[in-house]
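>>> fold the following and give me the result.
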Amino acid sequence: MVRVSGLGLLITLGLVGCADSLPLPPYAPQTTDALSAIRFPPPPGRVEHIPNRPSGANAWVDGEWLLRKARWVWRVGRWVRAPAGARYSPWVIARAPDGTAYYAPGAWKDTGGAPLAEPSALAFATAGSGAVTDADGLIDDTGPTLSEVRLRHAAEEKH
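Below is the predicted model of the structure:
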């Protein structure tokens, strides 16, 4: 299965429908305190090839752009076993009336909205990493793909 992540996914589903829907985790909206001002928005979303659902997986989490050291990196989508009662807030870009862009990364929350540790991935998508042509016909470098090993290492450095 191929899936376009982010806004491209919404547009794609709106145009063609979704015969093969994926089980997504229960949804929780992002809160305004999760938003951080950003200087520039992320590149276009990546097309991901989704592997078959592994045993024990009950939810698909789409790939997302993460802002690391003033650079956007792509984190591939993954199959997870969502924790009981957990909700997922997907990454989001929002603009204020003055045009300021804000970003919040994807996050898992308990029923009260408190942060939860992310469940371990059971399988990963593969994503194209080539350049993308934007609406003006210009080439847009989509940046690197963040491996799960690098992501864990970065999380360990924070603590």
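>>> secondary structure element for the residue of the chain most remote from its centre?
Distance to the chain centre peaks in the chain at Asp98, reaching 25.6 Å (criterion: CA atoms, centre = their mean). Taking DSSP states H and E as the definition, Asp98 sits outside all helices and strands.
>>> tell me the contacts of it?
Residues near Asp98 by CB atoms under 8 Å, 6 or more residues apart in numbering: none. Any C-beta I mention is one placed from the backbone N, CA and C, and that applies to glycine too.
>>> any idea how far Thr31 is from it?
20 Å (CB to CB, to the nearest Å).
>>> do Ala70 as well
Between Ala70 and Thr31 the distance is 24 Å, computed by CB to CB.
>>> how about Thr145?
Distance of Thr145 to Thr31, given as CB to CB: 28 Å.
>>> more crowded one of these two?
A count of neighbours by other CB atoms under 10 Å puts Thr145 above the other of Thr145 and Thr31, at 16 against 12.
>>> wait, doesn't that one sit right on Val76?
Yes - contact criterion CB atoms under 8 Å: Thr145 and Val76 qualify, at 6.4 Å.
>>> which neighbours do the two have in common?
In contact with both Thr145 and Val76: 46, 127, using CB under 8 Å, 6+ apart.
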